[in-house]
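**Q** Here is my input; please provide its structure:
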Amino acid sequence: QGMTEKTVIMSTMGGDINLKAAPEGATVKTMGGDIDIRDAEQFVKATTMGGDIRVDVRNGWVELTTMAGNIETTVRESLGDSDNGIKLETMSGDVNVVVPAGLSLSFDLTIAYTRNSDQNYQISTDFGLKEERSADWDYDHGTPRKTIRATGSVGGGHYPIRLKTGNGHIIVRPDR
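**A** You can find the predicted model right below:
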């Protein structure tokens, strides 16, 4: 979606991926390693099996996935022309998002944490979301877990912001 002949497309079996710019978007994948993308436009779709992901997008949607690692993304101006918004998922790690103030956003943020973790995970946001915490342990996914979920919208809720982590914190804040 939105790809051109100048879209950066990379795939590696292992190792870090570092891009200084992706003016017409990027789709990248590594089996193991960190991903760092600066000055992207239009969209970034990035996947690593194990590693941290850092993405800086001026204008466009973002979809980032890691099995184990932290995810950090900053959107400078807008989320672009599509309705994709931001979708970030890590099985284990922190998720940190900065979005421009004043955007029309709809939030669905979820932390799942296991019984053997330190269990003090937080969703931190300035957007006045409604938070729910599960009272009982869920045994349906192998390791017993509880969830913290925050939902809500600002400015009409146009762009979806879907963030999921396991045993990590979620921070979402407007750019100052």
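**Q** After the least confident helix or strand in the chain by mean pLDDT, heading C-terminal, what element do we hit next?
**A** Among the helices and strands of the chain, strand 8-12 carries the lowest confidence by mean pLDDT, DSSP states H and E, at a mean of 94. Using DSSP states H and E, the helix or strand that follows strand 8-12 towards the C-terminus is strand 17-19.
**Q** Okay, strands next: where are they in the chain?
**A** 8-12, 17-19, 26-30, 35-48, 53-66, 71-78, 86-90, 95-99, 105-114, 123-125, 130-133, 145-154, 159-166, 170-174 (DSSP state E).
**Q** Quick check: which ranges of this protein have low pLDDT?
**A** 1 (pLDDT under 70).
**Q** Which residue would you name as the spatial centre of it?
**A** Nearest to the geometric centre of the chain sits residue 88, at 2.5 Å (C-alpha atoms, centre = their mean).
**Q** got a list of what the residue located most distally from the centre of the chain touches?
**A** Ranked by distance from the centre of the chain (C-alpha atoms, centre = their mean), the top residue is residue 136, with 26.5 Å. Listed by C-beta atoms under 8 Å, 6 or more residues apart in numbering, the contact set of residue 136 reads residue 146. Using the backbone N, CA and C atoms, a C-beta is placed for each residue, glycine as well.
**Q** Got the phi and psi for it?
**A** phi -110, psi 160 (degrees, to the nearest 10).
**Q** any idea how far it lies from residue 148?
**A** 14 Å (C-beta to C-beta, to the nearest Å).
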